[in-house]
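could you work out the structure for the sequence below:
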Amino acid sequence: MGGVGQPFALDFGAVMTMGRALDADLHLLAEVLPAVEAVIVNRLAEASEGGE
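Predicted structure coming up:
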């Protein structure tokens, strides 16, 4: 369960910067990012706990 150093949110500025660098559709990225943030953070937390 959530310990010190576990991910709890995404840095939207960094994600948008990466999207810009990868020539992604920034409007679409901004639309979907809030909806998928929890899924991404949960997967990162599982991975750091030794799951998948």
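
now do the SS call for V39.
Three-state assignment for V39 (DSSP: H, G, I helix; E, B strand; the rest coil): helix.

kindly report the same for F8.
The local conformation at F8, judged by three-state DSSP, is coil.

so where's this structure shaky on pLDDT?
Within the chain, the set of residues satisfying pLDDT under 70 comprises 1-5, 7, 50-52.

tell me where it has helices.
12-21, 26-48 (DSSP state H).

and stretch 18-29, how far out from the chain's middle?
Relative to its chain's centre, stretch 18-29 lies at 14 Å (Cα atoms, centre = their mean, to the nearest Å).

need the residues that contact it.
Surrounding stretch 18-29, the residues in contact under the criterion Cβ atoms under 8 Å, 6 or more residues apart in numbering are 15-16. Glycine gets a C-beta too; all of them are placed from N, C-alpha and C.

which stretch among the helices of the chain comes nearest Q6?
In this view, these are compared for proximity to Q6 by Cβ to Cβ, and helix 26-48 is the closest at 5.3 Å.

circling back to that earlier point, could you dump the helices of the chain into JSON lines and include distance to Q6 and mean neighbour count?
Formatted as JSON lines, the helices of the chain follow (distance: least, Cβ to Cβ, whole Å; neighbours: other Cβ atoms under 10 Å):
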{"stretch": "helix 12-21", "distance to Q6": "18", "mean neighbour count": "12"}
{"stretch": "helix 26-48", "distance to Q6": "5", "mean neighbour count": "12"}
